[in-house]
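[1] generate coordinates for the sequence data below:
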Amino acid sequence: MTVAEILDRARSLGVKFATAESCTGGMVAAALTDIPGSSDVVERGFVTYSNEAKQEMLGVHAEILAKYGAVSENVAREMADGALRFSHAQLAVSITGIAGPGGSEFKPEGRVCFGLAGKGLETFTETIDFGALGRDRVRLAARDHALTLFERGLSQIAEK
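    Coordinates of the predicted model:
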């Protein structure tokens, strides 16, 4: 599904989007808002690159960050839930990861955690290891995957 088709589907369902982005730095929101007329679907985007921003803007708990680290499904869940809570959206996607260069044995370059939260839906999280593709390619892959998560959320909403 193209970005325009995702927006059309959301529009037809009366769904607004919020994004909570870390390693992509707003690329998902940019992809959505590149389409004319997207303002009736895209409610807001949070770029929460630092741990402090994740806590202050999205309500991510300091204990969760300390225990699991910013690149974790636990933090992705809290980011998605927070984006939903602090917006007027019905569907929110979060992204937190290591675009590179660098990483560690336990959190390698290319590891990205995602969250999908929706009104009346159970929050979904997943981790994808894109590999050491280079910073730009990891960020693009994460952006594209986040867009497919919006598709998934819209399908779940349509089924209800």
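
[2] C-alpha from now on. contacts and neighbour counts both.
    Noted.

[3] for this structure, give me the ranges with low pLDDT.
    For the chain, no stretch has pLDDT under 70.

[4] who are the neighbours in contact with the residue most central in space within it?
    Centroid check for the chain by C-alpha atoms, centre = their mean gives Ser94 as the closest residue, at 2.1 Å. Each residue near Ser94 by C-alpha atoms under 8 Å, 6 or more residues apart in numbering is listed here: 19-21, 76-77, 79-80, 83, 114-116, 146.

[5] surely it forms part of a strand?
    Yes: under DSSP: H, G, I helix; E, B strand; the rest coil, Ser94 falls within a strand.

[6] strands of this protein, residue ranges please.
    For the chain, the strands defined by DSSP state E cover 17-21, 42-47, 91-97, 111-118, 124-129.

[7] partner strands of the third one, with direction?
    Right, the one you point to is strand 91-97. Strand 91-97 has the following strand partners under DSSP bridges: strand 17-21 (parallel), strand 111-118 (antiparallel).

[8] same thing with the last one?
    Using DSSP bridges, strand 124-129 pairs in its sheet with strand 111-118 (antiparallel).
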